[in-house]
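Enquirer: Sequence and computational prediction follow.
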Amino acid sequence: MVPLNAPELKRIAASLRKYDLKSTVTQLGGLLTVPALQANTIRIETLVHLAVAHCHGRCTPGLTEIGHWLNRHLGNTEIARLEDPVEDVFVTSVETPKGNRRVFEGIWESNDYFVQVVLDTLGSPRAPQKCRDLLLPAFALLKLSDCVAERVGLRRWHIEPSAPKGTVRLPPATRVADRARAITFTDNELDALGINREVLTPFILGDEDKQVLAEELTGHSSLERRPLVDFSGELVLALPHAVSPAIRRFVLFELRRMGYLQPFADALAKRQAYQVEQEGLWELKGEAYSLEPPVPDGKVPSLHAWLLKYDINKYLHVVLLHDRLDWLEEQGLSSFMEYPEPLRASLERYLNHVADHCRASPDFAEGMTLLVMGGLGRGFALGFKDWPEQWRLSVIRISDLLMLAGEPDRPITRYLKCLKQKEWAEREGVHFLNINGDYNFYCFWRRLNYQLVPRDLPVDNRSMVAISNDMVLPVRKEVRNLMDRHVLQTKDGDYSPVMRFGRDAYFKSMQGRPIYASLGHLHAGVLAGAVETPRGPSWLLVEPREGGKQIQHLLYEIWSGFIGLYNRLVFEVEALYPEAPSGAVEIHLNFSEVEVPETYAERKPGMVIGEPEVTVNLEQRTAEIKFPPHFLMHFQQPENTGERLVLRGMAKGLVSLHQGVTGDVDETALDDLMNRVIGITGIRVLHLFHTYYPIEHLLAREGQKPIFLAHEDFVFSKLRLSEGCTVARPGTSITSKVECNEFLHRVVDKVWNQLRELLQQLDRASVIREALGVHEAVIQDRDHWRRTAQAVLALYAPEEDVFAVAQKRESDRTNVSLAARTILEMAICECPKVGGRQLSRWGLDELLAKAALLVEVATDSDAVNSDLIEPRIDLHPNGEYTIDRGFHNTVIKPFLTAYFREEFEAAAGEYSKLYRNERPGERTSADEVFSADFFRAFRTEFGLTPDEAVDGLAELMDLAVKRDSVVVETTLGDLKTRLTKARGLSLDASKAFIRTFSIFHRLAWDKPPPGFRKQDLYPWRFRRRLSAKVRPILVFGEQDDDKVFFGAGSLWLGVGYLLERSEKGHLPKEFFTSQEMKQYIGRVNSERGHAFARFVADHFRENGWQTRTNVQMTELGGPAQLGDVDVLAWRPSGKIQIIECKRLQLARTVAEVAEICRRFRGEAKDELDKHVRRVNWIRANPAGLHGIVGFVPDSARIDDRLVTNTHVPMMYLTSLPIEADKIGPLK
């Protein structure tokens, strides 16, 4: 707040007297519409105030004078030093019954929200008419604000870079004269806007106001209360950013005058309480228990309170504090709400009492009071003196809480975690200098990618982290644009509040489309959304119908799936009919007669399903598409017939409405529209697959939403990571291979010890249940993406890199599934059987993050040890370390990307097979599928036959179906009984099944049981014998009453993995213990290696080459130690190919990549070196080929290839003695 009679303003006040009031005020006020000057608002608004108070001359100022006033007169004053970085966008939007009204934010706090809540409270049907009458002038002033924004070309949520405290520059591009006209309104212009000048009287500055203005303070001035200045028939909006505070102050004044201020305050309090509960705390609904908080034992300020118990053992006391509006009306919006000491002390006692009540609960782990500042925008001065231990306090404005809740992916949880991490850092001595509240701190943390303490600062009392007050800006900008809340007109002329649809979609192109979901319709139980174009909104509604969750879910899937295609259709139709009348149109999808069978409904021969009926009502501007009873059968086939029929009905409705016809529509035009929108691609929206196997239905059914690694926990777990693991000082580097590996091994041990300490406090069943749930959800999510790969490619490929998005999703799945399996393998050993705490979601996030960190550090060690990266580790003061992971970007990432792309495209190509409707036949015996050699080797190795393994799997799948859960809990005795009695397995075979596919409890995870190696434990290795991937059954002990857990999806994949990989020889010999199985693996790999060479030879022959396989070097005259050429290919033209064939396993980890790269570096005695030496010998002795190819080739025409059966990392190495493009699978 700036005193307008401050001594430092006297000089400029005197100089203003010779200037003309109107030309000065309009030019200065126009500067408040310049986004680049938002940070300089204090200087500009002060000048406007001074101009209104002192200008009465005839001179017209130019840009030079204005620049001098802003820079020379005010630039070095305390006023300029009050300028802060911008904290919000420049233009926001307010919703009214007549449409959206843009509002200039200036430097007021949440200008849009606080005027919006005033309008909504006054507009309640329960409000007295005389109170609702106050809306008329408020709406009129908002219309002027919107008109100004329109005149200067500013859309809602506009923002530009703006710097405080510096020189204010006014280049010609600022268009000051145009902006001066933009804030000026003649009577004719008011008439054109439909505004009666008299309605604006409450906001027109009076002569008496001008007389006292010079003695007032900005922030609570007469001009901010009445920002319109009257110039003989023209009104000037002198302070465009003061529209919101002017309306708030006007309403409070009038309500107090009429005696309605307290009822309004009560109504406002109820509305804001509803917003906190329904929007701010929405994320916790269904997860938190609502408890009755203790009653205050004395008088406390006006408040609403909620006591929530969430995440098993955490307490959250949410208190919404309401302002005293009578005090606010007197003291102004720039003042602070300060309670009298007795009232403040009583509030503090109450908050402490609730905290003590929660802390006394036997399951209490932690708690927090979240004070939400309600009211109409001013700050609160609370000054609490005593606060209980183990209980946090956070203060946030209601507008910021609602903004926070608008972020995707559990923002309230993130906010609470942020404050917990902050408290930890402060206990360690770190001081955070943050004057702009907890939400600003959260935005700082979020902006730094959740890095609580920057790398260049230690986590102790030597560190002070200064946080700028504008950390909120990027988040507010992002969330405002992401949600894009506003209103859209319906066909009835009303306006419905909407927000962007698809804001949390995987594909970011959805976030840029003008597709909006209607909150107003949703509250009425109607699914409705609109595509907004310059012509107007085109609505898509699904008529509600009775039915259970299955039907409601189906209707949502249809509506949410088709609205993206509807968006394309709307733009195509409007391009086809540019003269179509403006205004809202509606397409109604009517599924009231559609049958939704509980089970698969087979289409009978000769059945005619029928097409949708389209009925157009031109007067109502609506078209209804009514679907026949059996319409869903169209979606039970691989062709997109159903999608085409729905879309064609929409197209017919839109074309009819835009053409103004109710009869037939040109079918050719519809065909053209269909080709433009859906083309010949396999675009699908609804996938109705059928299965006769209950377990497939269970595994495909959407259950738990996938949980991925919480990045905030992962980053936090790295703080102080290197402490105690090296004698090297922070800020230095470790540069020897030996020291790097020693350091990384110590870090692995440190993280493992942290995990062990956590696990030893947690109930074993609780941890395994939760970790299995995570793993099963990942399996279901992966299967869903594979099933719908074709549709995803067709829907999004034109606009996005679908493969990159899908691979990112797969990477997220891989990271969390590996972490979950790691926790399972550790928990079965380390968690107590009884007496441990139940695992909370936050605890699960922490375990997964630390497990992922363990794998990352071990992977770094593998990379150093394998010479994939330079042995250099930089140690940072905050305890983190960094290492060159460039190898990931240059080799591992492109290698896995190429493989994933091929796999994803293959899944898309298999789409039609998902619709095969074949009834199950008799089960094929394993001896009909597998060779006798494998059958014998498998039984010798595992003590049961492949048939018995499949029988065991089938019984446990039946158990999962019976329990209707993918996470199954039973006992060891029950498992044995089921296998022997239900499936007829012998006792020995049932024991062998359990032994083969189970991990049993043992006393310590890091001590392998007899017969196993340390390498079998390490989760960063693949193809391990003690992996939960191949042993997905978790057994608590050897007694019949000991618990057993398994995930249905994990077991399904695990048994299949073992059978398939061992039969194909894809598991190393070290995986097995019996000589018979090891011999089988060696034999099958040799046979299939030769078969692969023959396959390569056949491929070359089909392409015009002559070939021979397994050509001994001695036949060419070479030394025997050079071995043989896998495939020799030649053409009579003289070309020669020396081909090395390698049937390799797909490398999935850094260790495996490193191992393959080590084997094929071309260095002495490795596998590539042998090939290179053979090629070099043949090039040096080409005559040796004459006996086979019939001529002596030119050495320059002798080429070589390394052909593999799968993608290999060597394809991306540049240091090999063979070109990278000559390595890899056949194309």
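Expert: Ah, there it is. Just so it is clear, the model here is predicted, and its values are computed rather than measured. Numbers count the residues shown, from 1 in each chain.

Enquirer: can you pull the contacts of Ser162?
Expert: For Ser162, the residues meeting the contact criterion (CB atoms under 8 Å, 6 or more residues apart in numbering) are Pro35, Ala36, Leu37, Gln38, Ala39, Asn40, Val86. To be clear about C-beta, it is placed using only N, CA and C from the backbone, and glycine gets the same treatment.

Enquirer: Considering the residues you listed, which is situated nearest to Leu16?
Expert: Leu16 has its nearest neighbour among those in Asn40, at 18.1 Å by CB to CB.

Enquirer: how much space between the closest residue in space to the closest one that isn't next to it in sequence and Ala425?
Expert: Nearest-residue entry for Asn40: Val168, 5.2 Å, with adjacent residues in sequence omitted and distances by CB to CB, 6 or more residues apart in numbering. Distance of Val168 to Ala425, given as CB to CB, to the nearest Å: 39 Å.

Enquirer: same question, Gly286
Expert: Separation of Gly286 from Ala425 (CB to CB): 32 Å.

Enquirer: More neighbours: which of the two?
Expert: Neighbours were counted for Gly286 and for Ala425 using other CB atoms under 10 Å; Ala425 has more, 21 against 6.

Enquirer: so that one touches Val459, yeah?
Expert: Yes. Counting by CB atoms under 8 Å, Val459 is a contact partner of Ala425 at 6.5 Å.

Enquirer: Mutual contacts of those two, please.
Expert: Counting by CB under 8 Å, 6+ apart, the residues touching both Ala425 and Val459 are Val453, Leu719.

Enquirer: just to revisit the earlier point, would you mind checking the contacts of Ser162 for buried ones?
Expert: Burial by neighbour count, 16 or more other CB atoms under 10 Å: within those this picks out Pro35, Ala36, Leu37, Gln38, Ala39, Asn40, Val86.

Enquirer: how about those residues, which pair is most distant?
Expert: Pro35 and Asn40 (11.2 Å).

Enquirer: Let me see the contact set for the residue nearest to Asn40.
Expert: By CB under 8 Å, 6+ apart, Val168 lies in contact with Leu37, Asn40, Arg43, Ile44, Gly67, Leu70, Asn71, Gly75.

Enquirer: Let me see the contact set for the third one.
Expert: Applying CB under 8 Å, 6+ apart, one finds that Arg43 lies in contact with Leu70, Leu74, Gly75, Ile79, Ala80, Glu83, Val168.

Enquirer: could you point out which element follows the helix or strand encompassing it?
Expert: Applying DSSP states H and E as the criterion places Arg43 in helix 41-54. Proceeding C-terminally, helix 41-54 gives way to helix 63-68 as the next helix or strand, assigned by DSSP H and E.

Enquirer: Just the buried positions in whichever helix or strand comes after that following helix, please.
Expert: Note on helix 63-68: by DSSP H and E, the next helix or strand toward the C-terminus is helix 78-81. Buried residues in helix 78-81, defined by neighbour count with 16+ other CB under 10 Å: Ile79, Ala80.

Enquirer: neighbours around the nearest residue to His658 once chain neighbours are set aside, how many?
Expert: When the adjacent residues along the chain are set aside, His658 lies closest to Ala580, with 3.7 Å between them (CB to CB, 6+ apart). Applying other CB under 10 Å, we find 18 other residues in the vicinity of Ala580.

Enquirer: quick one, what contacts Ala580?
Expert: Counting by CB under 8 Å, 6+ apart, Ala580 touches Arg535, Glu574, Leu657, His658, Gln659.

Enquirer: rewinding a little: now flag whichever of the contacts of Ser162 is closest to Val834.
Expert: Proximity to Val834 was ranked across those by CB to CB; first place goes to Val86, at 57.1 Å.

Enquirer: A helix includes the closest one, no?
Expert: No. When classified by DSSP: H, G, I helix; E, B strand; the rest coil, Val86 is found to be coil rather than part of a helix.

Enquirer: that older thread, only the buried subset of the contacts of Ala580, as a PyMOL command please.
Expert: Taking 16+ other CB under 10 Å as the burial criterion, the selection of buried members of the contacts of Ala580 in PyMOL is written as:
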select buried, resi 535+574+657+658+659
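
Enquirer: okay if I get the contacts of Ala580 as JSON lines plus distance to Ser302 and secondary structure?
Expert: As requested, the contacts of Ala580 are arranged in JSON lines below (distance: CB to CB, whole Å; DSSP: H, G, I helix; E, B strand; the rest coil):
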{"residue": "Arg535", "distance to Ser302": "47", "secondary structure": "coil"}
{"residue": "Glu574", "distance to Ser302": "51", "secondary structure": "helix"}
{"residue": "Leu657", "distance to Ser302": "51", "secondary structure": "helix"}
{"residue": "His658", "distance to Ser302": "53", "secondary structure": "helix"}
{"residue": "Gln659", "distance to Ser302": "58", "secondary structure": "helix"}
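
Enquirer: re the thing from before, quick one: the residue nearest to Asn40 from Phe139, how far?
Expert: Distance, Val168 to Phe139, by CB to CB: 34 Å.
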